[in-house]
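1. Sequence and predicted structure below; questions after.
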Amino acid sequence: MKSCLIVIDAQESFRQRAYWSEHVAQPYFAAQNALIEGCLAAGLPIVRIFHVDGPATASHPFAVESGLVRPIEGLAAFEAAATFTKHRHSALVNSGLDIWLTQQGIGRLIVSGIRTEQCCETTARHASDLGWEVDYVTEATLTFDMPQPDGQSLAAADIKARTAAVLDGRFATVCSVAQALQRAGIETGESVAA
C-alpha cells in the first residue's frame, strides 16, 4: 500500500505562543526529523501542511502577513511533494489534500506535526472516517501543557497518552518512528516490536 508522510503545522507561528518551550520541543524535533529523513531516503512522498487563520495582520502569527507561516526552525529540510494550507483543525477540510491523496493513489497516511491533540488528532480521525489507513506517530507530534476547565494544568505527556489511547485501534495504528517506517516498507535497521 502506498504511504505518505503528512507534516502538519510544523511552522514558525508556534514559537510566538506563550506556551512555547524549546526544551519540550527538542524530543519532537528529533523524532519528526528521523521520520522525515527515513521517508526521504526511501523516496516516500512528504506533504507539508500550514495552518493560516485571521486576522490578516502582521501581528497575528498564523496570518500569512506575519511571515511566520513557514517551516519551523529545527525541522529537517525537505522538498514537499505537495504543500497545502488549511483553515480548520483537520488538514482534509477544504484544503485539496484529499483530492491530491486520491490522485496519487495513497492508501496510508503517516500523521505527524503540531499539535498532538488538535490538528494531528483531528486529521487522523477525519482521514480514518474517509477510508485511509492512518499511522499516528505520537513521538513525532508536539503539544504543551494546557489548563483544564477547573484551572488545573494538564501535562503534555498526559495529553499525548490520552490521544494515543483514543486513536489506537479505532482511528489509527499508534506507531513509533521506526514502526511507521517499517509499516511503510522502509528498512530502518532497528529492532521493532510487532
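-> Looks like it came in fine. Residues are numbered from 1 along each chain as shown.
2. could you give me the average pLDDT of the longest strand along the chain?
-> Secondary structure assigned by DSSP state E gives strand 133-142 as the longest strand of the chain. On average, the pLDDT along strand 133-142 is 98.
3. Now tell me what touches the next helix or strand after that strand from outside.
-> Next helix or strand after strand 133-142 toward the C-terminus (DSSP states H and E): strand 146-147. The contact list for strand 146-147 (CB atoms under 8 Å, 6 or more residues apart in numbering) reads Y19, S153, L154, A156, I159. Every C-beta, even on glycine, is put in place using the N, C-alpha and C of the backbone.
4. Return the per-residue confidence for the fourth one.
-> Put plainly, it is A156. In this model, A156 carries a pLDDT of 97.
5. How much space separates it from T122?
-> 17 Å (CB to CB, to the nearest Å).
6. And the second one, by the same measure?
-> Here S153 is placed at a distance of 23 Å from T122 (CB to CB).
7. Those two: which has the busier surroundings?
-> Between S153 and T122, T122 has the larger neighbour count (other CB atoms under 10 Å), namely 18 against 10.
8. That one is in what secondary structure piece?
-> helix 121-129.
9. Show me what that helix is in contact with.
-> In contact with helix 121-129 (CB under 8 Å, 6+ apart) are residues 6, 8, 49, 89-93, 109, 111, 134, 136, 163, 166-167, 170-172.
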